[in-house]
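Visitor: Coordinates for the following, if possible.
(2 chains)
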Amino acid sequence: TQLLEQSPQFLSIQEGENLTVYCNSSSVFSSLQWYRQEPGEGPVLLVTVVTGGEVKKLKRLTFQFGDARKDSSLHITAAQPGDTGLYLCAGNTFEGSYIPTFGRGTSLIVHP
Amino acid sequence: KAGVTQTPRYLIKTRGQQVTLSCSPISGHRSVSWYQQTPGQGLQFLFEYFSETQRNKGNFPGRFSGRQFSNSRSEMNVSTLELGDSALYLCASTPGDREGLSKQYFGPGTRLTVL
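Guide: All right, here's what the predicted structure looks like:
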């Protein structure tokens, strides 16, 4: 059972469109992170959200952490081909030690 | 600062063999974490080393082991390789002082293929 469920799994859109990627769980997370991974490279951190209800903006990307700290969303406005990549959400659970958990990711392709 | 480096980048082994992967963290970072990434399971946490001690451990069998040296470089070993061990193995480093919240810097990974 995947602790963090991401949807959709795949997304293929045209340049200029908007999109939202979701990350859901039945567990509470102390923090949630979003990464982007490009082929042949490791994931790169985009943002960390810590407070329930928190909204963070990074240029055309808007991240939201759910009030109950169980879910998060990533919204991209006016997508560009450079946004193409695998978007991963990750959370930390604490069960005596910190265990980082990643979703399976959303593979985004933005066509010019 | 130089980023996280992993060697080798690509590796082909046969079932039953063992393999050692290496990770050099960003200078000054004391924590190194290892992950396995496969299309079916995604990114899964193997273990984390901090100041030469294993601090956190994921749910992988004992065939997967690691260690960290005094210069923070880390190695991961997989013994008795199975076909299902074929994956991209990523390491990530952090300063290590804010456990669970630090920004992880990932290396490019080692692509392991088991035949």
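Visitor: alpha carbons only for contacts and neighbour counts from here, please
Guide: OK.
Visitor: who's in contact with the worst-scoring helix or strand of chain A on mean pLDDT?
Guide: Within chain A, confidence by mean pLDDT, DSSP states H and E is lowest for strand A:98-102 among all helices and strands, at a mean of 83. Strand A:98-102 is contacted by residues A:3-4, A:88-93, B:42-45, B:56-58, B:99-100 when judged by Cα atoms under 8 Å, 6 or more residues apart in numbering or on different chains.
Visitor: what do you get for stretch A:49-66?
Guide: Under the contact criterion Cα under 8 Å, 6+ apart, stretch A:49-66 has outside partners A:30-33, A:47, A:67-69, A:71-79.
Visitor: taking the residues you listed one by one, which sit in helices?
Guide: Using DSSP state H, no member of the contacts of stretch A:49-66 falls within helices.
Visitor: just the buried members of those residues?
Guide: Among the contacts of stretch A:49-66, those classed as buried by 16 or more other Cα atoms under 10 Å in any protein chain shown are A:30-33, A:47, A:69, A:71-76, A:79.
Visitor: just to revisit the earlier point, figure out how far the least confident helix or strand of chain A is from the centre of its chain.
Guide: 14 Å (Cα atoms, centre = their mean, to the nearest Å).
Visitor: Give the pairing partners of it; include direction for each.
Guide: strand A:85-94 (antiparallel) (DSSP bridges).
Visitor: Near chain B, which residues of chain A are found?
Guide: For chain A, the contact set with chain B under Cα under 8 Å from any Cα of the partner chain comprises A:31, A:40-45, A:92, A:97-105.
Visitor: and these, which are buried?
Guide: Applying 16+ other Cα under 10 Å to the residues of chain A next to chain B flags A:31, A:42-45, A:92, A:98-105 as buried.
Visitor: Next, count neighbours for the closest residue in space to A:Gln6 that isn't next to it in sequence.
Guide: In space, A:Gln6 comes closest to A:Cys23 once its chain neighbours are excluded; the distance is 4.5 Å by Cα to Cα, 6 or more residues apart in numbering or on different chains. Look at A:Cys23: counted by other Cα atoms under 10 Å in any protein chain shown, it has 26 neighbours.
Visitor: Surely A:Cys23 is in contact with A:His75?
Guide: No. The criterion here is Cα atoms under 8 Å, and A:Cys23 misses it with A:His75 at 11.5 Å.
Visitor: between the buried ones among the contacts of stretch A:49-66, which is closest to chain B?
Guide: A:Ser31 (7.0 Å; Cα to the nearest Cα).
Visitor: I'd like to know how far that closest one sits from B:Arg55.
Guide: Counting by Cα to Cα, to the nearest Å, the gap from A:Ser31 to B:Arg55 is 19 Å.
Visitor: That's all I had, so thanks and see you.
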